[in-house]
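S.K.: predicted coordinates and the sequence they were generated for:
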Amino acid sequence: MKTGNENAGMKMMNGNEAIARGAYEAGVKVAAGYPGTPSTEVMDYTHHYYPEIYCEWATNEKVAVEVAIGASFAGHRSLALMKTVGLHVAADALGGAAGSQINGGLVLVVSDDVGRIAGDDYNDCRHYGNMFNIPVLEPSDSQEAKDFMVRAFEISEAYSTPVILKPTSVTCKTTSKVVFDNDYKYEAKYRNIYPISFSKVIMTTIMTKAKGSEHPKLTKCFNDFVANMRRLAVDSNESELNRLELNGKKIGIITAGTPYYYAKEVLPDASFLKLGLVNPLPAKLIRELEAHVDQLYVIEDGHDVIEKNIKDLGVSVIGKELWPKFPDMMRFTPDVIEEKLVPDAPKRTPMKDVPFRLPVACAGCSHNFISRILKQHKIKAAADVTCGLIGCFPHMESYQLQKCMGSSPGLAHGYNLATDNKEKFVAMIGDGGFWATGINGLLNLVFNDSQSTLIIVDNNCLAMTGGQHIASSDFGFNYKQENRLDIAKMCEAIGVTDVVTVDAYAYEELEQSILNAVNAKTNSVVIVKKPCVTKFKLPKETPFCIDQEACIKCRKCINVGCLAIESKTKNGEVEIVINEDICTGCGLCSTVCPTEAIKN
Amino acid sequence: MMQDTGKNIIIAGVGGQGILLFSNLLSKFYLKLGYELKISDVIGLGQRGGGVESHFRYSTKPVLSPFIKAGDVDYLISFEQTEALRHLHSLKEEGVIFSSTYELTSTSVNTRLQNDLAESKMEIINRTENKKFIIDPEKHKSSEFDISKMMNIFMLGYYTEFRGYSHDEMIQIVKESVPAKFIEGNLKAYEKGAAVAREELVTA
């Protein structure tokens, strides 16, 4: 949206809010997504500020992309939101849309956790731009996040392609000024020019076999996606998304995202090619910069995607040979640029050996009860992607296996098959992971006659990303009581032999239920219920405290993995104490104390 | 009006201490003064109790990098002593430290996976050549507000006094931003913070 008129509004926004504003100004009608740090709030802001836009949290990322594709084919601009790990789940859906006819603009907002700030794998969604031959936009700040959203939809329609807009953990969580048009009136944009839109598999079958045909039944299937992207690559040299800043002749920097600002601050006199569109690349601008400077560098967060694509153009650049990527470097900072390109810069190093903070669960979390029981009874188990994965960390050691979201039922089934059910390997999953993709693993183990046990932790939300609703939640954007799905009924309906539901805090009953399920020679599900303590702000019970006279400092309570229990050193003496501001009074720690020193 | 052309501030602590609210209130204040701003929040892995840091930059010129380069920090405001240590190297020579003595023992130390620093953390902070203001929340406990939850607003009063800004304007921002039921306690915390700073500045 062009601004600068006298009715320009201004607001401080983080990248997530700016993207939501961009969706609104682009006239998006349908937004579907799946929560994922750092971009979850894009949906929250869209839903909160712009009721004109239909919002939904879909069952998983693949479904979200499919919903957006359907709405786009109907002629309306649609948005799918996820983080890069989620795009792995949705990749098949995106592949189906890539290169096909697009009616209403189709944009995927896919956030990369650069620097692994939120703890994701070291991923880079721009690879999908290369693989599917689709455009990728990378904003550097909130203003660009908003403006690029509008441009992303325009590109999607003008070049008939899905478009990825890639914010990062830095752009999403950085607040800066956004100027917008106060007079803007929302209008759901509509464009419907293609009567069909098929995946490239169908389309290319017809296009290659019936080349040159003029029969309308055949030509309506033609979509020259290769030419569309070539046209965009040419046009990108003139696009305001890319900016050539010719200054000093020594150093030329090709960059995108927030690293542009790091480099600009450290090297104000250098020449720059700041890319907003990172795929396809503006070859002419790159060569212009190359001709202007002695040495070209590429500074990009994530993988060496731009670097490789530039090298493919036959242009020589220095990138990862100077700044090796993960795990040598987590992300760019002004400091690492200065270190390599400003010879006399003073070196500052952080203090060594400052203790790090292992992740721990919130005090009172139901996952701690399950972790404790599994460990106590030496039950081998797989965790999932859930708050409960904290039980994998070395202070807890409750799980032996943990992979991707929704994986634990499949992992346990495979293990039990290979070991002839002699070890009774158990799967634990959150309710979010269960509905997202874990349900497929459960279906699979039922009809393949597995004897595996699945523990489903029902906390009424997707806790890890801040408590968004899921199919079994009793709230949500589009919530209706009659549409709420019930985990126990679902498990029974798909044929699980034994389904029990227990309260997480009913320690002995929970312990017995898990042992019964594990010992049964059938498939089974134990549903452990307790609303998320943090999301639902459960009322606190009287906090527990440790009788220092009785405490033998065995630290068993610390290894329960509760945030409230701390080791304090006072005058050389170690004391194990419970932080009463944090303790919720759940009492789990008192069950492990050999001297009954923990009381309330 | 603006002789101060800008400052770089790191606000650090652990989850649940209201660091993001602190930087949000500060941003409203500097925005009213007409500054350009960039605020970048780094919220690490982990649930409650993980490290949180906010890079807060205000300037008369547009702010470029969302992160402050080591050596460019004017003020380090820390709500937890371990988190203060992580940023000491980032301070300018004339940079100032504001730190709470509160400590949330690192989980790796609790579980004996890692040794704690042999030396007292406060001694390390006190040994730096930077000007420093150390606040012991235990000393300022009050029946009128819960300092464990309102240290952020206490610190806001302290900082406002230190900078010689208008308390009326800052208090107005607090009133507009904090839920009604918490305003009273927060204003007490604010006033206490300002009063403690006033005493410190006389003796400093």
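M.R.: Thanks, I have the structure now.
S.K.: what domains does the record give for chain A?
M.R.: A:8-233, A:241-341, A:366-529, A:545-599 (automatic domain parsing).
S.K.: residue ranges with poor pLDDT in the stretch 51-200 of chain A?
M.R.: Along the stretch 51-200 of chain A, the model assigns pLDDT under 70 to no residue.
S.K.: rerun that using 80 as the cut-off
M.R.: A:117-121 (pLDDT under 80).
S.K.: now for the one residue in it that gets nearest to chain B, how many residues are close by?
M.R.: Residue of the stretch 51-200 of chain A nearest chain B, by CB to the nearest CB: residue A:119 (3.4 Å). All C-beta atoms are positioned from the backbone trio N, CA, C, and that covers glycine. Look at residue A:119: counted by other CB atoms under 10 Å in any protein chain shown, it has 14 neighbours.
S.K.: cool, residue B:125 as well?
M.R.: 20.
S.K.: residue contacts, it?
M.R.: B:81, B:84, B:85, B:88, B:97, B:99, B:132, B:134 (CB atoms under 8 Å, 6 or more residues apart in numbering or on different chains).
S.K.: now for the first one: which residues touch it?
M.R.: Going back to what we said before, that points to residue B:81. B:99, B:100, B:101, B:102, B:103, B:121, B:122, B:125.
S.K.: what about residue 27, which SS state?
M.R.: Picking chain A for this. coil (DSSP: H, G, I helix; E, B strand; the rest coil).
S.K.: so how far is the lengthiest helix in chain A off the chain centroid?
M.R.: The longest helix of chain A (DSSP state H) is helix A:142-158. Centroid separation between helix A:142-158 and its chain, computed with CA atoms, centre = their mean, to the nearest Å, is 21 Å.
S.K.: other SSEs contacting it?
M.R.: With contacts taken as 3 or more CB pairs under 8 Å, 6 or more residues apart in numbering or on different chains; DSSP states H and E, helix A:142-158 sits against strand A:8-14, helix A:15-25, strand A:106-111, strand A:136-137, strand A:163-165, strand A:174-181.
S.K.: mind redoing it with 6 Å?
M.R.: helix A:15-25, strand A:106-111, strand A:163-165, strand A:174-181 (3 or more CB pairs under 6 Å, 6 or more residues apart in numbering or on different chains; DSSP states H and E).
S.K.: which one of these is the most hemmed in?
M.R.: Counting by mean count of other CB atoms under 10 Å in any protein chain shown, strand A:106-111 has the highest mean neighbour count of the helices and strands packed on helix A:142-158, with a mean of 30.
S.K.: what residues does the next helix or strand after that strand touch?
M.R.: For strand A:106-111, the succeeding helix or strand toward the C-terminus, using DSSP states H and E, is helix A:126-132. The contact list for helix A:126-132, computed with CB atoms under 6 Å, 6 or more residues apart in numbering or on different chains, reads A:95, A:98, A:136, A:279, A:305.
S.K.: now render these as CSV, adding distance to chain B.
M.R.: Output for those, formatted as CSV (distance: CB to the nearest CB, whole Å):
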residue, distance to chain B
A:95, 31
A:98, 32
A:136, 21
A:279, 24
A:305, 21
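S.K.: what's the closest of the contacts of residue B:125 to chain A?
M.R.: Nearest member of the contacts of residue B:125 to chain A, counting by CB to the nearest CB, is residue B:85, at 4.8 Å.
S.K.: from residue B:80, how far out is the closest residue to that closest one other than its chain neighbours?
M.R.: Leaving aside its chain neighbours, residue B:85 sits nearest to residue A:354 (4.8 Å; criterion: CB to CB, 6 or more residues apart in numbering or on different chains). Going from residue A:354 to residue B:80 by CB to CB, to the nearest Å gives 12 Å.
S.K.: compare these two (neighbour count), which wins?
M.R.: Using other CB under 10 Å, the more surrounded residue of residue A:354 and residue B:80 is residue B:80, with 24 against 19.
S.K.: can you read off the pLDDT for the more buried one?
M.R.: At residue B:80, the predicted lDDT confidence score is 96.
S.K.: how about the one 10 residues further on?
M.R.: The predicted structure scores residue B:90 at 97 on the pLDDT scale.
S.K.: dump the residue contacts of it.
M.R.: Contacts for residue B:90 (CB under 6 Å, 6+ apart) come out as B:70, B:73.
S.K.: what about 10 Å?
M.R.: By CB atoms under 10 Å, 6 or more residues apart in numbering or on different chains, the residues touching residue B:90 are A:335, A:348, A:350, B:8, B:10, B:55, B:68-73, B:76.
S.K.: just put those residues in TSV and tack on distance to residue A:365, secondary structure and neighbour count.
M.R.: Shown next, in TSV, are the contacts of residue B:90 (distance: CB to CB, whole Å; DSSP: H, G, I helix; E, B strand; the rest coil; neighbours: other CB atoms under 10 Å in any protein chain shown):
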residue	distance to residue A:365	secondary structure	neighbour count
A:335	37	helix	21
A:348	38	coil	16
A:350	31	coil	12
B:8	37	strand	24
B:10	30	strand	26
B:55	30	strand	22
B:68	34	coil	25
B:69	38	coil	20
B:70	36	coil	19
B:71	40	coil	18
B:72	39	coil	20
B:73	35	strand	23
B:76	32	strand	27
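S.K.: so what does residue B:112 have for phi and psi?
M.R.: phi 60, psi 30 (degrees, to the nearest 10).
S.K.: number of residues surrounding it?
M.R.: Residues near residue B:112, counting by other CB under 10 Å: 13.
S.K.: wait, it sits on residue A:567?
M.R.: Yes: here residue B:112 reaches residue A:567: they are 7.9 Å apart, a contact under CB atoms under 10 Å.
S.K.: give the residues shared as contacts by these two.
M.R.: What both residue B:112 and residue A:567 touch, as defined by CB under 10 Å, 6+ apart, is the set A:555, A:558.
S.K.: lowest average pLDDT across the domains of chain A?
M.R.: Across the domains of chain A, domain A:545-599 gives the lowest mean pLDDT, at a mean of 92.
S.K.: and the end-to-end length of that one?
M.R.: 6 Å (CA to CA, to the nearest Å).
S.K.: how far does it sit from the chain's center?
M.R.: 35 Å.
S.K.: any residue of that domain touching chain B?
M.R.: Yes: Domain A:545-599 comes into contact with chain B (CB under 10 Å from any CB of the partner chain), by way of A:555, A:558-559, A:561-569, A:574, A:576-577, A:579-582.
S.K.: out of those residues, which are buried?
M.R.: A:555, A:558-559, A:561-567, A:576-577, A:579, A:582 (16 or more other CB atoms under 10 Å in any protein chain shown).
S.K.: who are the packing partners of the lowest-mean-pLDDT helix or strand in chain B?
M.R.: Of all helical and strand segments in chain B, the minimum by mean pLDDT, DSSP states H and E falls on helix B:107-110, at a mean of 90. When contacts are defined as 3 or more CB pairs under 10 Å, 6 or more residues apart in numbering or on different chains; DSSP states H and E, helix B:107-110 sits against strand A:565-570.
S.K.: ok, back up a step: any chance of a markdown table for the helices and strands packed on helix A:142-158, columns distance to residue A:145?
M.R.: Below are the helices and strands packed on helix A:142-158 laid out as a markdown table (distance: least, CB to CB, whole Å):
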| stretch | distance to residue A:145 |
| --- | --- |
| helix A:15-25 | 4 |
| strand A:106-111 | 9 |
| strand A:163-165 | 8 |
| strand A:174-181 | 8 |
